[in-house]
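Student: next come a sequence and a model predicted from it.
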Amino acid sequence: MVGAAATDPVRAAVSSVQADPGARHTIADLAGRSGLSARHLQRRFTAELGVPPAAYVERVRIEAARRALAEGDEPVETLARRLGFGTGETLRRAFHRHVGVAPSDYRDRFRGTREYA
């Protein structure tokens, strides 16, 4: 489970990721936005949230992908590029690791549930 950011620098990093999940969010980029060195942000981020910045970015992107798959018809390849995964294969692997199913299966299952609800 991800905790809550307790300090302004970590909150700044978290806010930038949540505002635009598909943007570039390397540790150097996040450190620049938070006003800390990359190493210091890495330690504080992990201590406050319980996950390293890269894992947090991936989780936020997966949640954005879940919403997009449930609400729209955008192809997986397009979603992957828009959400910062780069390729559809990278999105598929991350999605399966976090959600346990392929993005297309998730979309099919959600729509099936929604149509009969």
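Tutor: Perfect, I can see it now. These numbers were taken from a predicted model, which means no experiment stands behind them.
Student: in the biggest helix by length in the chain, which residues are buried?
Tutor: In the chain, with assignment by DSSP state H, the single longest helix is helix 53-71. Neighbour counts over helix 53-71 (16 or more other CB atoms under 10 Å) mark 53, 56-62, 64-66, 68-69 as buried. In this view, the C-beta of every residue, glycine as well, is placed from N, C-alpha and C.
Student: just put those in CSV and tack on pLDDT.
Tutor: Putting the buried residues of helix 53-71 into CSV (pLDDT from 0 to 100) gives the following:
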residue, pLDDT
P53, 97
Y56, 97
V57, 98
E58, 98
R59, 97
V60, 98
R61, 98
I62, 98
A64, 97
A65, 97
R66, 96
A68, 95
L69, 95
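Student: show me which of those residues is closest to S15.
Tutor: S15 lies nearest to V60 out of the buried residues of helix 53-71, by CB to CB, at 10.9 Å.
Student: for that closest one, which residues are in contact?
Tutor: Neighbour list for V60: V17, Q18, P21 [criterion: CB atoms under 8 Å, 6 or more residues apart in numbering].
Student: quick one: low-confidence ranges for this protein?
Tutor: Scanning the chain for pLDDT under 70 picks out the ranges 1, 112-117.
Student: tell me the buried residues in stretch 9-19?
Tutor: For stretch 9-19, by 16+ other CB under 10 Å, it's P9, V10, A12, A13, V14, S16, V17.
Student: show me which of the residues you listed is closest to I27.
Tutor: Comparing the buried residues of stretch 9-19 against I27 with CB to CB picks out A13 as the nearest, at 9.3 Å.
Student: what's near enough to touch the closest one?
Tutor: A13 is in contact with A5, L30, A31, R33, S34, L41, F45, P53, counting by CB under 8 Å, 6+ apart.
Student: tell me who's in contact with the fourth one.
Tutor: Going back to what we said before, that points to R33. Shown in contact with R33 (CB under 8 Å, 6+ apart): A12, A13, S16.
Student: start to end distance for stretch 26-40?
Tutor: End-to-end span of stretch 26-40 (CA to CA, to the nearest Å): 14 Å.
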